[in-house]
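[1] for reference, the sequence and a predicted model appear below.
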Amino acid sequence: MHEQVVRAAQAGDQRALEELLAACLPLLYNIVGRSLRGHSDVDDVVQEALLRAVNGLGTLREPERFRSWLVTITMRQIRSHLAAARPERPTDHERLDTADPGADFEDLTIVRLGLSGQRRQTAEASRWLDPGDRDLLSLWWLEAAGELTRAELAAGFELTPQHAAVRVQRMKAQLDGSRVVVRALAATPRCPDLAQLAGGWDGVPAMLWRKRFVRHTRECSWCERFWTDLVPAEALLAGLGLVPLPEAGLRLPALRPSGSRTFRRLHRAGTGHGPRNRWAVRFSARPLLVVSTVASLGAVSVGAVYALTPADHQSESRLSASAPPQNSPMQAPAALSSPRAAPVTATPKPSPSTTHPSVTATPLYGSVVDRADSAPAADRIPGALPVRSETQPITIVTAQSKYESPFKGSLGGRWLMFYRGDHITVTGRGYFQVRWEVAFFNRTGLLRMPTWTSLSGKLFHAASGGGRRMDDTVPGATDLPHTWMGDPEKGYIVPPAGAQQMWNNEFFYLDGTVTLNENEIGADYNLSVTPVTRAQIQADITRQPGQPGIVRYGIVRDTGTDAAPVPQYLTRAAPAVPWDAPQQSAVVGR
């Protein structure tokens with residue numbers, strides 16, 4: 001940080017103060033986000049650190065050490081926050097329970113920085129570290145990426161550089177062991193002895209299981225190969241850069257409720273009830289100043305700082321795997337419903353007169369959106385699928401996924417998506433099928449729906465089939481309710497409130513280009529995309545119930561006009577975080 005800017009801010013230059021805050025906000029977000037694993041309290045801790053920095057800026061005697069001083073404040077605030085949260089420092093398992101393991105900072109790191117290969121494994125391995133080493137990793141990661149110096153890292157933990165070097169070496173050894181664990185657990189096929197050892201593991205990274213798995217990999221002739229060709233972690237992270245701020249900004253409230261500690265402290269500072277501080281008075285008197293003006297500076301683009309509540313991305317806690325939801329395994333409990341934030345790039349909303357086909361004879365394309373519907377009678381034979389042009393069969397443009405050829409028992413299909421962050425861009429003028437595998441046998445909970453982004457042209461939801469809705473009862477099952485969404489032993493996967501229940505095969509018509517994103521965060525699912533013809537769809541949805549695996553006829557959704565529905569979670573935008581498509585998408589226009 002330039003010394004003159006710090007001195008100007010200390011002298012009362014408001015613009016210099018704003019410049020300091022704009023420059024340090026991404027760094028603080030990364031430090032706190034990684035330490036707290038993307039917990040919904042990240043923005044609160046960032047705000048507290050900013051407040052303390054502003055309040056204490058006048059006491060900083062060495063402006064050239066501003067960044068080290070700021071890192072120290074931030075790490076102290078993290079420790080204070082954890083201490084206040086519970087009387088003793090939480091265990092690694094407890095912290096995982098607190099921060100939704102399906103929506104943590106590692107997920108954001110992988111998605112927003114586009115990590116793959118050993119970089120991705122390193123991000124996933126950080127979940128296995130001891131709590132103290134996770135805090136150290138939050139700074140060492142930034143040091144390796146060139147965002148912090150070793151002196152700033154040492155200052156953050158209030159250690160000498162020599163002691164910090166010893167701590168870093170110990171942490172790196174744990175990280176390498178965790179990387180090997182990630183590799184071994186992801187191997188296909190998995191080592192039989194490791195599979196037996198993991199039989200009692202609940203799937204949540206924890207210190208005890210890491211030690212058991214590491215010991216196994218060192219002693220097992222099958223798994224010892226995972227220790228070879230490990231690229232040094234610092235080489236993987238060098239130049240990687242910061243995880244970008246949410247494009248909709250951080251939720252940094254301009255004014256907290258009068259009962260909060262921050263509000264009371266600032267109020268006392270500004271009214272004479274307590275030690276006076278000119279920075280506190282300035283900050284308290286203009287509460288919108290720090291975050292609202294930062295957005296207008298070129299140093300960092302934080303967008304509408306108050307627009308996004310992190311709970312939208314992180315409060316979707318998993319359902320119990322031991323009991324179905326109340327009343328029905330297919331109905332999401334009210335407590336799990338998650339209101340969606342506004343999209344990063346808002347799609348113009350249609351006027352009320354165009355949102356309902358009954359109001360106008362010619363609805364605009366994209367104004368009729370899929371909505372949750374009831375299952376039709378199983379023996380209701382569908383009508384004919386309207387005829388649309390198939391002059392350009394669907395082809396793939398780009399794909400980011402670990403391609404796996406179809407194998408016995410897999411969901412089948414041409415292009416497969418198994419992992420969070422996988423996406424496929426398709427183009428053409430014709431039909432394609434999206435086939436679902438709801439993998440409740442791997443991980444249950446609230447399902448993060450796939451999203452459709454970067455639409456150019458038109459996309460319609462044409463039909464649903466495959467012989468069953470995924471919430472249908474599996475024929476012959478006795479452990480009821482047992483559906484393709486779960487069973488009493490494993491638990492259930494539940495769509496978000498208001499989401500349309502998926503069928504085994506969903507059929508779409510595309511005239512243009514669109515990207516389908518696999519947003520596996522929490523509940524586990526897999527998708528495949530396969531070009532099909534209208535005739536193949538008609539044959540699929542008219543298969544007679546009673547045949548093996550066929551529970552019901554399919555349904556036709558296409559009207560043959562622009563009044564046909566578009567999928568939920570569809571946008572013409574290309575959000576940095578693919579699940580930022582709003583649920584009820586309106587994509588009027590081309």
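    Right, received. Where do you want to start? What you are looking at is a predicted structure, and each value in this text was computed from that prediction instead of being measured. Numbering: from 1, shown residues only.
[2] quick check: mean pLDDT of stretch 370-384?
    In this model, stretch 370-384 has a mean pLDDT of 93.
[3] and residue 538, how far is that from residue 382?
    9 Å (C-beta to C-beta, to the nearest Å). For glycine as for every other residue, the C-beta is placed from the backbone atoms N, C-alpha and C.
[4] give the residues shared as contacts by those two.
    Shared contacts of residue 538 and residue 382, defined by C-beta atoms under 8 Å, 6 or more residues apart in numbering, are absent.
[5] just checking, which helix or strand succeeds the helix or strand that contains residue 398 along the chain?
    Per DSSP states H and E: residue 398 is located in strand 392-400. For strand 392-400, the following helix or strand on the C-terminal side (DSSP H and E) is strand 415-417.
[6] okay, now the sheet partners of that following strand, with direction.
    The pairing partners recorded for strand 415-417 under DSSP bridges are strand 525-532 (antiparallel).
[7] contacting residues for residue 44?
    residue 81.
[8] for it, which three-state class applies?
    The three-state label given to residue 44 by DSSP: H, G, I helix; E, B strand; the rest coil is helix.
[9] pLDDT at it, what is it?
    Predicted confidence (pLDDT) for residue 44: 82.
[10] that's a helix at residue 127, yeah?
    Yes: under three-state DSSP, residue 127 sits within a helix.
[11] and it, how many neighbours?
    24 (other C-beta atoms under 10 Å).
[12] and it, how close does it get to residue 460?
    Residue 127 is 40 Å from residue 460, by C-beta to C-beta.
[13] in a helix, residue 506, correct?
    No: assessed with three-state DSSP, residue 506 is strand; it does not lie in a helix.
[14] quick one, domains of this structure?
    Domain ranges of the chain: 1-89+245-312, 92-244, 350-580, per automatic domain parsing.
[15] can I get those domains in CSV with distance to residue 588?
    Compiled in CSV, the domains of the chain are given as follows (distance: least, C-beta to C-beta, whole Å):
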stretch, distance to residue 588
domain 1-89+245-312, 22
domain 92-244, 28
domain 350-580, 5
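[16] compare these and give me the one nearest residue 587.
    Of all the domains of the chain, it is domain 350-580 that lies closest to residue 587, at 3.7 Å by C-beta to C-beta.
[17] report the distance from that closest one to the chain centre.
    Distance, stretch centre to chain centre, for domain 350-580: 21 Å (C-alpha atoms, centre = their mean, to the nearest Å).
[18] pLDDT score assigned to residue 414?
    The predicted local confidence for residue 414 is 81.
[19] report the contact partners of it.
    So residue 414 contacts 528, 529, 530, 531 (C-beta under 8 Å, 6+ apart).
[20] between the residues you listed, which is nearest residue 5?
    The closest of the contacts of residue 414, once distances to residue 5 are taken by C-beta to C-beta, is residue 529, at 50.9 Å.
[21] how much space separates the closest one from residue 396?
    8 Å.
[22] of the two, who's got more company?
    residue 529 (20 against 14).
[23] from what I can see residue 581 touches residue 574, true?
    No: using C-beta atoms under 8 Å, residue 581 is not in contact with residue 574, being 10.0 Å away.
[24] residues of the longest helix seen in the chain that come out buried?
    In terms of residue count, the longest helix belonging to the chain (DSSP state H) is helix 161-186. By neighbour count on 16 or more other C-beta atoms under 10 Å, the buried set for helix 161-186 is 164, 167-168, 171-172, 174-185.
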